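1. Got a sequence here, can you build the structure:
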Amino acid sequence: MLLKLFAGLSAAATALNISSPKVEFAGIKLAGFALLRFAEFYIGSLLAYIVAVYAASELTVDMDEPQEKPSKFWQWNMDQLAEIICALVGARVTVSGAEKLPEGQRYLMVCNHRSIFDPIASIKYFGAEEYIYISKPENFRIPLVGAVMHKCGCLPVNRDNNREAIAMVKSASQLIRDDTASVVIYPEGTRSREDELLPFHAGSFKIAQRTGVPVVISAIHGTDEIVHNVPLKKTKIEIDILDVLDGDFVKSHTTRETAQIAQKMIQEHLDRKYAAKE
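-> So this is what the prediction gives:
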């Protein structure tokens with residue numbers, strides 16, 4: 001929002017400046033010139049901001065230092081980056097079923113995984129402060145992105161290393177117990193390239209089982225279309241909150257059973273989405 005405000009004020013100042021009596025522009029030329037200057041200032045401010053954040057991350061973020069608590073400063077920056085990215089790729093995010101989200105308590109949210117834009121769309125709508133995201137270690141090595149994720153408290157999960165996976169579950173569980181944030185995880189482990197979901201990793205649900213919090217089952221649709229639509233077409237991204245399994249249910253069932261329930265629910269929902277488009 002601050003970037004948009006800055007760009008708007010800059011464009012307004014430019015328009016006032018060129019509308020002085022010294023300059024003989026027709027109204028339509030004046031409007032066109034003002035729009036051009038607006039675009040210049042807007043794009044310039046975005047690029048300047050991204051460069052500044054990248055420089056700050058390179059100079060101040062130590063990826064080897066554990067981030068015990070999310071940084072408010074970097075959460076704010078993550079919000080700005082998510083908004084910028086969605087604006088640049090023409091993504092419009094809508095959410096249905098938000099009224100089902102548990103109030104006054106933390107929870108584990110599980111979702112299908114179709115694109116690198118999945119968490120970006122979620123952050124754009126819900127904000128970075130509400131959730132801690134579990135992601136592949138490779139994502140933490142992406143310039144700028146990895147540093148911001150690290151400072152925001154996001155956790156890497158290496159499912160090929162049991163010790164590291166268990167450590168992630170313990171860290172995520174502690175964040176929930178401390179009422180720091182809810183946790184979002186993509187149980188498929190990697191992006192699905194087809195309409196069929198990949199098998200859910202049951203270990204993902206240990207976070208909820210250990211802490212006794214609800215599991216929010218959600219589905220995301222449309223993020224995989226962004227790369228095909230940019231730059232000519234906008235993309236509608238839908239996040240649907242399908243159901244909530246309360247803490248007692250989760251504790252009384254095995255993680256495998258909970259994973260199967262969540263996967264079946266998401267798959268059936270997506271099947272209806274795909275059928276409606278045909």
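2. Distance from the chain centre to stretch 83-90, please.
-> The chain centre lies 12 Å from the centre of stretch 83-90; the measure is CA atoms, centre = their mean, to the nearest Å.
3. How about stretch 114-128?
-> Distance, centroid of stretch 114-128 to centroid of chain: 2 Å (CA atoms, centre = their mean).
4. what does it contact?
-> Residues from elsewhere that reach stretch 114-128, judged by CB atoms under 8 Å, 6 or more residues apart in numbering: 75-76, 78-79, 82-83, 85-86, 89, 91, 93, 95, 111, 131, 133, 135, 139, 152, 184, 186, 191-192, 220-221, 223-224, 226-227, 237, 239. The way it works is simple: take the backbone N, C-alpha and C, and place the C-beta from them, glycine included.
5. Show me which of these are buried.
-> When the contacts of stretch 114-128 are checked for burial by 16 or more other CB atoms under 10 Å, the buried set is 75, 78-79, 82-83, 85-86, 89, 91, 93, 95, 111, 131, 133, 135, 152, 184, 186, 191-192, 220-221, 223-224, 226, 237, 239.
6. mind listing the helices for the stretch 151-278 of the chain?
-> For the stretch 151-278 of the chain, the helices defined by DSSP state H, counting those that start in this stretch cover 162-177, 206-211, 226-229, 247-252, 255-277.
7. Output the ones you listed as JSON lines; include the columns distance to residue 67 and mean pLDDT.
-> Supplementary listing: these in JSON lines, determined by distance: least, CB to CB, whole Å; pLDDT from 0 to 100:
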{"stretch": "helix 162-177", "distance to residue 67": "10", "mean pLDDT": "94"}
{"stretch": "helix 206-211", "distance to residue 67": "18", "mean pLDDT": "96"}
{"stretch": "helix 226-229", "distance to residue 67": "29", "mean pLDDT": "94"}
{"stretch": "helix 247-252", "distance to residue 67": "27", "mean pLDDT": "96"}
{"stretch": "helix 255-277", "distance to residue 67": "26", "mean pLDDT": "93"}
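8. Those: which one's closest to residue 69?
-> For the helices of the stretch 151-278 of the chain, the distance to residue 69 is smallest for helix 162-177, at 8.9 Å, taking CB to CB.
9. Please point out which parts of the closest one sit buried.
-> 165, 168-169, 171-173, 175-176.
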